[in-house]
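In: please work out how this folds:
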Amino acid sequence: MSVPLFKEPLRRKIYFLLLLVASIFLALVALWIPFFPDPSAPSLKEGMVAQHDYRAPAAITYESVVLTEQRRDAAERAVLPIYTLPDTRLARQQLERLRVVLAYINSVRSTCSGYHLSGP
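Out: Residues are numbered from 1 along each chain as shown. Just a heads-up that it's a prediction; the model follows:
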C-alpha cells in the first residue's frame, strides 16, 4: 500500500509538531522538578532535634578574619623581644683577615714588580 505523495509532507509536519510538543513538555517538567519537595528528604525545622546524623555532600571551609587576626596577634605577643648587641670580637677578626689579605697582595705585587709582561 503506497501513500499518496501529497500526504507525505503533511505527515512529516505532524511528526515534527508532536516531537516539538513532547520536547517542550519534557523541558518544562525538568524545570519544575526542583520546586517539588522530595518525599524522602527529612522534614526538619529550626529548633528540632534530628533523629539521625546527616553528612554534608561536600566539605566547606570558612576562614574567619577576626579569629585569624586574633591568633596572629597572640603569636606576635608570644615572640620574646631578644636583641643581641653586635659582636665586636667578630668585627676585629674580620679586620685582621682583611689586613692579612692586603699584606699578601702587597707582597705579591712587590715581588712581581721587576717582571714585565710582553704583549703579543
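
In: how far away is Y62 from D87?
Out: Distance from Y62 to D87, counting by Cβ to Cβ, to the nearest Å: 49 Å. To be clear about C-beta, it is placed using only N, CA and C from the backbone, and glycine gets the same treatment.

In: neighbour count for the two, which is higher?
Out: Ranked by neighbour count (other Cβ atoms under 10 Å), Y62 and D87 place D87 first, with 9 against 4.

In: name the SS class of the residue most central in space within the chain, please.
Out: Residue closest to the average C-alpha location in the chain (Cα atoms, centre = their mean): T61, at 13.1 Å. Remark: T61 carries the secondary structure label coil [criterion: DSSP: H, G, I helix; E, B strand; the rest coil].

In: need the pLDDT of it.
Out: You'll see T61 listed with a pLDDT of 90.

In: ramachandran coordinates for it?
Out: When read as degrees, to the nearest 10, the backbone of T61 gives phi -120, psi 150.

In: oh, and call the first residue 34 from now on, that's how I've got it
Out: Got it, first residue is 34 now, which makes that one T94.

In: residues of stretch 64-80 that come out buried?
Out: Along stretch 64-80, not one residue counts as buried under the neighbour rule (16 or more other Cβ atoms under 10 Å).

In: pLDDT (mean, whole number) over it?
Out: Stretch 64-80 shows a mean pLDDT of 79.

In: distance between the ends of it?
Out: With Cα to Cα, to the nearest Å as the measure, the first residue of stretch 64-80 is 32 Å from its last.

In: ditto for stretch 113-129
Out: End-to-end distance of stretch 113-129: 35 Å, with Cα to Cα as the criterion.

In: now stretch 75-84
Out: Start-to-end span of stretch 75-84 (Cα to Cα) is 10 Å.
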